[in-house]
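Asker: fold the following, please.
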Amino acid sequence: MTENSAYEPPGAEMPGIDAIRQRIAELQLEHRGLDAMIAAVGQQTRFDELQLRRLKKRKLRIKDTIILLQMQLVPDEPA
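Answerer: Predicted coordinates:
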């Protein structure tokens, strides 16, 4: 065992897990907010189509980021 190695008991969480979970929660909140904004813009009789497309793209990028972060929380399975 080297001087820099540290023993982690079974089940110990990796550093940063809480930060990842917090970021996921923040992104999910923003994702829901974009849902409301998209619905509101779509309800308008004269809406800005470019703005609507930008909101939808932003919503998709947030969803992709959420998925990537959730994948970091899943432990790797041995082959």
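Asker: quick one: residues contacting the spatially most central residue of the chain.
Answerer: Central residue of the chain (C-alpha atoms, centre = their mean): Ile66, 2.2 Å from the mean position. Residues in contact with Ile66 (C-beta atoms under 8 Å, 6 or more residues apart in numbering) are 24, 27-28, 31. (C-beta placed from N, C-alpha, C; glycine too.)
Asker: I'd like to know which of these are buried.
Answerer: Buried members of these, scored by 16 or more other C-beta atoms under 10 Å, are 24, 27, 31.
Asker: distance check, the residue nearest to the centre of the chain against Asp35.
Answerer: Per C-beta to C-beta, to the nearest Å, Ile66 is found 13 Å from Asp35.
Asker: any stretches of the chain with poor pLDDT?
Answerer: By pLDDT under 70, the weakly predicted segments of the chain are 1-15, 79.
Asker: ok, now with 80
Answerer: The model of the chain has pLDDT under 80 over residues 1-15, 76-79.
Asker: for it, which helix is longest?
Answerer: In the chain, with assignment by DSSP state H, the single longest helix is helix 17-43.
Asker: after it comes which helix or strand?
Answerer: Using DSSP states H and E, the next helix or strand after helix 17-43 towards the C-terminus is helix 49-73.
Asker: how about Ile17: what's its closest non-neighbour residue?
Answerer: Nearest residue to Ile17, sequence neighbours excluded (C-beta to C-beta, 6 or more residues apart in numbering): Leu73, at 6.7 Å.
Asker: buried ones in stretch 52-70, by neighbour count?
Answerer: Neighbour-count burial for stretch 52-70 flags 55, 59, 62, 66 (criterion: 16+ other C-beta under 10 Å).
Asker: the first one against Met37, yeah?
Answerer: If I follow you right, that is Leu55. Yes: using C-beta atoms under 8 Å, Leu55 makes contact with Met37 at a distance of 5.8 Å.
Asker: before we move on, the earlier item: can you add distance to Gly16 and give the buried residues of stretch 52-70 back as CSV?
Answerer: Formatted as CSV, the buried residues of stretch 52-70 follow (distance: C-beta to C-beta, whole Å):
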residue, distance to Gly16
Leu55, 30
Lys59, 26
Ile62, 20
Ile66, 16
